[in-house]
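# fold the stuff below for me.
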Amino acid sequence: MPLLHHKPLDKKGISYLIVIAFVAIMAGATMWSLSYSPAVWHLIDTNIARRTVSAATDRTFQNDLYNFTLVVPKGWYLHERPDGSAIFTKKERLTISKETEGWAIGEQINVSVAALEDAYGKKITPEKWAAKNIPEKDADDKPITTTWESTEDSKLLRVEREAAGTSNKVLYYYVFHGNNIFSFGLYPYSSDNTGNNSDFEEMVRSLSFNTNPSSIKPN
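All right, here's what the predicted structure looks like:
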C-alpha cells in the first residue's frame, strides 16, 4: 500500500479538522495582538535580564544580570538590539535587524555593559581602559573632549566626540563600577537640544546598583 494513501474523511474527521483550524487561527491572532500591544510590548521585546516593569506608569528599567536599575525618562521606550545591548528611542515599536547600523536607527540613548579588563582578560584601571579605548582625536582629526568625575565607589568619564560615519556628535558617559563598565550614549548630541540632554542626564543620574547602592551624578 502506498505511504500517501488516504481514506475519505467522515463527518467526525471533518469536524476534527475544523476545530484544529479554529485553534490555529485564534493562536495566531493572540500572538499578533501581543506583538503590537504597547502595554506588553516591552515585556516581549526584551529578555528577563533587561526588563522594564511597565511601559506607561512604572519607568524603572531593571537589569538582574548586572544588578542595576535605571529610571527611564518619560517619552522614551526600551528595545533590545540583537547583540543584547539596550536601546531607548521615542518610538514604542521598533524593529532592529542584525544589519542595522547603530546610528541608522536615529535619535537614541543606548546602554551596554562590558568587563573592565584588557584583551587578555586581566582587570585594569579605568584610566588604563580610557587610554586604550578613547583616542585624543577622532577620525577627522578633531579633538575628543573628556572629563573625569568620581563618587565614593565609582568613576565616571564623559566623552564628547563625532559619531563615526555621520556629521553629528555623540555624548558618552562611561561609569566604572566594580568589575564592569556601564556605557551610556546619546545620539545625536547637541548642546542646543536641552530636552534630550536633560533626559539623558536624568537617566545617568538615576543609575543605582542593587548589591552596593550608588548614584552617579554628572554635572
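
# name the nearest residue to residue 202, ignoring sequence neighbours.
Excluding the flanking residues, the one nearest residue 202 by Cβ to Cβ, 6 or more residues apart in numbering is residue 73, at 5.2 Å. From N, CA and C alone the C-beta is placed, and that goes for glycine too.

# what kind of secondary structure is that neighbour in?
coil (DSSP: H, G, I helix; E, B strand; the rest coil).

# tally up the residues packed near it, please.
18 (other Cβ atoms under 10 Å).

# contacting residues for it?
59, 198-199, 202-203 (Cβ atoms under 8 Å, 6 or more residues apart in numbering).

# so which of these wins on neighbours?
Neighbour max across the contacts of residue 73 (other Cβ under 10 Å) = residue 203, 22 neighbours.

# coming back round to it: can you pick out the most distant pair from the contacts of residue 73?
Distance extremes for those: the farthest pair is 59 and 198 at 14.8 Å, using Cβ to Cβ.

# strands of this structure, start to end?
Under the criterion DSSP state E, strands of the chain are mapped to 51-52, 60-63, 68-71, 77-80, 86-89, 108-115, 145-150, 155-162, 169-177, 180-189, 208-209.

# which outside residues touch the third one?
Residues external to strand 68-71 that are found in contact with it (Cβ under 8 Å, 6+ apart): 59-63, 111, 182, 202-203, 206-210.

# let's see that with 6 Å instead.
59-62, 203, 206-209 (Cβ atoms under 6 Å, 6 or more residues apart in numbering).

# identify, from these, the entry nearest to residue 131.
For the contacts of strand 68-71, the nearest to residue 131 is residue 207 (23.8 Å; Cβ to Cβ).

# now the closest one: how far from residue 142?
Remark: distance between residue 207 and residue 142 (Cβ to Cβ, to the nearest Å) = 29 Å.

# comparing the two, which residue is more hemmed in?
residue 207 (23 against 11).

# where does that one fall, phi/psi-wise?
Note on residue 207: its backbone torsions stand at phi -60, psi 130 [degrees, to the nearest 10].
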